[in-house]
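Colleague: here are the coordinates; sequence isn't available:
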């Protein structure tokens, strides 16, 4: 009986350890695959958005230049021609009005001059001098009367006729031509703005639709990866059961195998499907000063909130000053990358953690030598983009500059 219990404990330990390791490995592989896919899609979408934005700005400048050139051409060419035609037309009308106004006044002046001259000539001299007097005085009187009448009534009539003609014909025609010109300009401007707005909306909608397609593809690929890993986990469990069954050499062990397959392994499967709260395990590990194992578990979960929570629970600066360093270089560079992915939340605290971690990284370590430059370049780009955000305070700007200086210093030491 004691031998059977010992055998049962040994077989339970033999089964639980490989399954736990296999589950952790599959979980870490799934996290890395999803993280790589999401980062690649995000970078591609950001580049495409910048290209579309540049195209939209170029189209806006082209439309504005076209509208300005149309207005300049109309003002320089068409406006002068239209104004010249209107002025010529109205001047012809003014000449006719002046002629109609002057003719009655001149006829009246000539008639009165002739009558006065005839009466004076008859009263002063004889009939035989009538012809000479009429001719001499008629010429002088007619000239004087015409000159006097033209200077008084003729000039006034000409001014009034010209003024009324300009008020009645020239000014309304000029106003109508200007109104038509500005209506044409406004119509062309509105049409251009509508076309530009529609084009810009189409350009902005196309990247959003492509973004939705890419995100949908990413979700589908992540779902397929999850299903594949679940199938692999089930296959691994069946293989372990087959190994245990094949290793049984007596009838007394067979019931134990069935008991393991029906009891402990099913319980283990339930544990895999229903994950426990990781903070309890991480708190236990940190209380035992097992920082390497705690950070490894947090980073393998690919849950950025868990990583931030663990950093807030320990004194990261004090840990990084311990000699020898309790955290490996692989954990440090992975921690830096995870914190950079979620730096928009709790920015001040994460910038401080990232500065401490970046200063503790040794780029000459063979474990991370080939990964230092690409990860540091990615973190540098993230910080540069974060620094241009209007939501960043002055203290956060100083922390960003300090961290970028640390990153540059580390990159300079890379070969």
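Modeller: Done, it's in. Note that the structure is predicted; figures quoted are calculated from it, not measured. Numbering: from 1, shown residues only.
Colleague: can we go C-alpha only for contacts and neighbour counts from here?
Modeller: OK.
Colleague: how many residues are close by residue 300?
Modeller: 19 (other C-alpha atoms under 10 Å).
Colleague: residue 370 now?
Modeller: 14.
Colleague: got it, and residue 315?
Modeller: So residue 315, with other C-alpha under 10 Å, has 11 neighbours.
Colleague: just the mean pLDDT for the helix or strand containing residue 377, thanks.
Modeller: Taking DSSP states H and E as the definition, residue 377 sits inside helix 369-387. The average pLDDT for helix 369-387 rounds to 89.
Colleague: and that helix, what does it pack against?
Modeller: Judged by 3 or more C-alpha pairs under 8 Å, 6 or more residues apart in numbering; DSSP states H and E, helix 369-387 is in contact with helix 329-341, helix 394-413.
Colleague: residues making contact with the first one?
Modeller: Spelled out, that is helix 329-341. Outside helix 329-341, the residues within contact range by C-alpha atoms under 8 Å, 6 or more residues apart in numbering are 292, 295-296, 299, 304, 307-308, 350, 354, 357-358, 360-362, 365, 367-368, 372, 375, 379, 382.
Colleague: separate out the buried members of those residues.
Modeller: 292, 295-296, 299, 304, 307-308, 350, 354, 357-358, 360-362, 368, 372, 375, 379 (16 or more other C-alpha atoms under 10 Å).
Colleague: and the angle for the helix holding residue 377 with helix 394-413?
Modeller: In terms of direction (axes from the mean of the first three to the mean of the last three C-alpha atoms, to 10 degrees), helix 369-387 departs from helix 394-413 by 150 degrees.
Colleague: neighbouring contacts of helix 369-387?
Modeller: 333, 337, 340, 344, 363, 392, 397, 400, 404, 407, 411, 414.
Colleague: Throw those residues into JSON lines and include neighbour count, thanks.
Modeller: Shown next, in JSON lines, are the contacts of helix 369-387 (neighbours: other C-alpha atoms under 10 Å):
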{"residue": "333", "neighbour count": "22"}
{"residue": "337", "neighbour count": "17"}
{"residue": "340", "neighbour count": "21"}
{"residue": "344", "neighbour count": "16"}
{"residue": "363", "neighbour count": "22"}
{"residue": "392", "neighbour count": "15"}
{"residue": "397", "neighbour count": "16"}
{"residue": "400", "neighbour count": "24"}
{"residue": "404", "neighbour count": "20"}
{"residue": "407", "neighbour count": "20"}
{"residue": "411", "neighbour count": "15"}
{"residue": "414", "neighbour count": "13"}
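Colleague: make a markdown table out of those and add distance to residue 312 and pLDDT.
Modeller: Shown next, in a markdown table, are those (distance: C-alpha to C-alpha, whole Å; pLDDT from 0 to 100):
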| residue | distance to residue 312 | pLDDT |
| --- | --- | --- |
| 333 | 18 | 91 |
| 337 | 17 | 90 |
| 340 | 16 | 90 |
| 344 | 16 | 86 |
| 363 | 26 | 88 |
| 392 | 21 | 85 |
| 397 | 22 | 89 |
| 400 | 20 | 90 |
| 404 | 22 | 91 |
| 407 | 23 | 89 |
| 411 | 28 | 84 |
| 414 | 30 | 71 |
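Colleague: in the stretch 1-150 of the chain, where is pLDDT below threshold?
Modeller: Scanning the stretch 1-150 of the chain with the threshold set as pLDDT under 70 gives 95, 98, 115, 117-131, 133-134, 142, 149-150.
Colleague: typed the wrong thing, it's the stretch 251-400 of the chain
Modeller: For the stretch 251-400 of the chain, the ranges with pLDDT under 70 are 251-276, 302.
Colleague: go again with 50.
Modeller: Where the stretch 251-400 of the chain drops to pLDDT under 50, the residues are 251-275.
Colleague: in it, which spans are helices?
Modeller: With DSSP state H, counting those that start in this stretch as the criterion, the stretch 251-400 of the chain has helices at 253-259, 265-273, 278-287, 291-300, 304-313, 316-320, 329-341, 347-360, 369-387, 394-413.
Colleague: buried ones in the helix holding residue 377?
Modeller: Under 16+ other C-alpha under 10 Å, the buried positions of helix 369-387 are 372, 373, 375, 376, 379, 380, 383, 386, 387.
Colleague: thanks a lot, see you next time.
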